[in-house]
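Asker: Fold the following for me, if possible:
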Amino acid sequence: MADQQQQQQQQAAGAGSEGCKALGALLSGIAQAAYHGNAALTAELLRGQLYPEAAPEEFAALRAKMGGLLQSIASADMDLNQLEAFLTAQTKKQGGITSDQAAVLAKFWKNHRVKIHESLVNQSRWDNVLKNMNWRVDLKSQSRHIDQINTPVAIVEMELGKNGQESEFLCLEFDEAKVSQMLKNLSEIEESMTALTQTT
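Answerer: Residues are numbered from 1 along each chain as shown. I've put the predicted structure just below:
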């Protein structure tokens with residue numbers, strides 16, 4: 001039964017260079033929908049454009065299999081050695097993939113790894129990130145307290161946001177004591193991060 005299903009999926013995937021082109025385009029469609037937020041690339045559209053001869057259930061099985069393999073490769077951010085070992089194992093297991101399909105997957109990952117990885121990193125960010133920071137030091141010319149006039153203050157502007165979204169700007173004012181406190185806190189953060197990287 002598993003062999004019959006594999007044969008059907010191989011027929012759905014096609015043979016030769018045309019089958020490889022269609023499979024490459026299918027992987028591209030899966031990646032666009034899963035990692036780049038292109039909801040227009042539905043299963044129906046992909047089947048109609050790439051595999052019009054395939055029965056819906058055959059195409060669904062092929063798409064699910066390729067989507068699962070791509071997800072495994074992407075979530076592990078496989079390098080070329082890991083990828084080769086993973087795909088070789090997939091060609092040898094029952095109900096796995098053909099060597100032609102493995103070659104298409106390998107070529108696709110080599111060409112799209114960086115963009116997919118960047119997309120996964122951006123999707124995993126649950127909050128704003130610091131995009132940019134500008135600062136200047138001014139002398140205070142007005143204050144409620146006379147002894148604070150002509151004391152230096154740091155004006156810090158931070159640009160916060162997610163990629164592809166409009167930024168927010170946060171403006172902060174620090175006197176010398178607050179700058180010292182901030183630097184002390186940042187130094188403690190750096191020490192904690194260094195300690196963690198040394199233990200992992």
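Asker: Would you mind measuring from the spatially most central residue of the chain to Ala74?
Answerer: Nearest to the mean C-alpha position of the chain, counting by CA atoms, centre = their mean, stands Leu120 at 1.9 Å. Distance of Leu120 to Ala74, given as CB to CB, to the nearest Å: 6 Å. Glycine gets a C-beta too; all of them are placed from N, C-alpha and C.
Asker: any common contacting residues for those two?
Answerer: Residues touching both Leu120 and Ala74 (CB atoms under 8 Å, 6 or more residues apart in numbering): Tyr35.
Asker: Following the chain past the helix or strand bottoming out on mean pLDDT in the chain, name the next helix or strand.
Answerer: In the chain, no helix or strand scores lower on mean pLDDT, DSSP states H and E than helix 2-13, which sits at a mean of 44. Counting by DSSP states H and E, the element after helix 2-13 in chain order, helix or strand, is helix 16-35.
Asker: mind listing what's buried in that next one?
Answerer: Neighbour counts over helix 16-35 (16 or more other CB atoms under 10 Å) mark 19-20, 22-31, 33-35 as buried.
Asker: what sits up against the strand or helix carrying Ala195?
Answerer: Using DSSP H and E, Ala195 falls within helix 176-199. Helix 176-199 has contacts (CB under 8 Å, 6+ apart) with Thr151, Pro152, Ala154, Phe174.
Asker: Try it again at 7 Å.
Answerer: Pro152, Ala154, Phe174 (CB atoms under 7 Å, 6 or more residues apart in numbering).
Asker: count of residues packed around the closest residue to the second one other than its chain neighbours?
Answerer: If the residues on either side of it in the chain are set aside, Ala154 comes closest to Phe174, at 4.4 Å by CB to CB, 6 or more residues apart in numbering. Residue crowding around Phe174 was assessed by other CB atoms under 10 Å; the count is 17.
Asker: Look at Phe174 and report its pLDDT.
Answerer: On pLDDT, Phe174 comes in at 90.
Asker: Low-confidence regions, the chain specifically.
Answerer: 1-16, 125-127, 142-148, 163-164, 199-200 (pLDDT under 70).
Asker: tell me, which helix in it spans the most residues?
Answerer: helix 99-124 (DSSP state H).
Asker: other SSEs contacting it?
Answerer: helix 16-35, helix 56-76, helix 80-92 (3 or more CB pairs under 7 Å, 6 or more residues apart in numbering; DSSP states H and E).
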